[in-house]
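Enquirer: any chance you could fold what I've pasted below:
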Amino acid sequence: MLVESKNITDAKVSDTFREALAKYPILHSYLIELRQHKIKASTMQARPVFNLKSFLFGFSHYRININKQVRNQNELLVRDLPVKVLRGWFAHELGHIVDYLDRSPLAMLLYGLRYFLFSSFRRNAEWEADRIAIKYGFRKDILATKRFILEHELLDQRYKEKIKKYYMSIDEAEKYIMHNIVIDEVENSSS
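Expert: Numbering: from 1, shown residues only. So this is what the prediction gives:
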């Protein structure tokens, strides 16, 4: 795994990130940078790193930006999140990166534009990141993260409404998981 950490001061954060990344072997040949700094109105964001090399040869470097606080709540620090919640958050962001892998720089620019302009596109992108994380074995972690966000008293209602609007709900994630388990069982029983 090629991991670069910038401004990460807590070993729990970097260790949990490496633990999540380890379950994504498809990403092990890419440089994944984890960078902690102030992010306006967000906790984490995954992005490709645009440079001349990426325009000539495609992306080989991705970055996950991580805020010190959860959604700018000074009382709620990312380093204090339960490991399962933090791992689920990282799994979701790594799911975005897996979704980006086959996209050219031009396609990523269009992706970003559609993400910010069209609610339905944003919703599909966030659902896909959850589906990918679940596929890579993070079912319990994704559910723990969703429950944490939707049930935590320090997180404001506007943020919770945004999560409900764009992200897979707990019930939908559980149904999606159950559907995949049924498919897996059918495939395994016919072998």
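Enquirer: which parts of this protein are helices?
Expert: With helices called from DSSP state H, the chain shows them at 11-22, 52-57, 83-100, 105-117, 119-135, 139-151, 157-166, 170-189.
Enquirer: and the third one, what does it pack onto?
Expert: Helices and strands in packing contact with helix 83-100 are listed as helix 11-22, strand 44-48, strand 61-66, helix 119-135, helix 139-151; criterion 3 or more C-beta pairs under 8 Å, 6 or more residues apart in numbering; DSSP states H and E. The C-beta positions use only the backbone N, C-alpha and C, and glycine is treated the same way.
Enquirer: most packed of the helices of the chain?
Expert: Mean neighbours per residue, mean count of other C-beta atoms under 10 Å, is largest over those for helix 83-100, with a mean of 23.
Enquirer: that one vs helix 105-117, what angle?
Expert: Using axes from the mean of the first three to the mean of the last three C-alpha atoms, to 10 degrees, the direction of helix 83-100 lies 130 degrees away from that of helix 105-117.
Enquirer: angle of helix 83-100 against helix 139-151?
Expert: Using the same axes, to 10 degrees: helix 83-100 against helix 139-151 is 110 degrees.
Enquirer: helix 83-100 - what's its average pLDDT?
Expert: Here helix 83-100 scores 98 as its mean pLDDT.
Enquirer: how about stretch 41-61?
Expert: For stretch 41-61, the mean per-residue pLDDT is 91.
Enquirer: in CSV: the helices of the chain, plus distance to Leu31.
Expert: Converted to CSV, the helices of the chain look like this (distance: least, C-beta to C-beta, whole Å):
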stretch, distance to Leu31
helix 11-22, 11
helix 52-57, 11
helix 83-100, 11
helix 105-117, 16
helix 119-135, 19
helix 139-151, 24
helix 157-166, 28
helix 170-189, 30
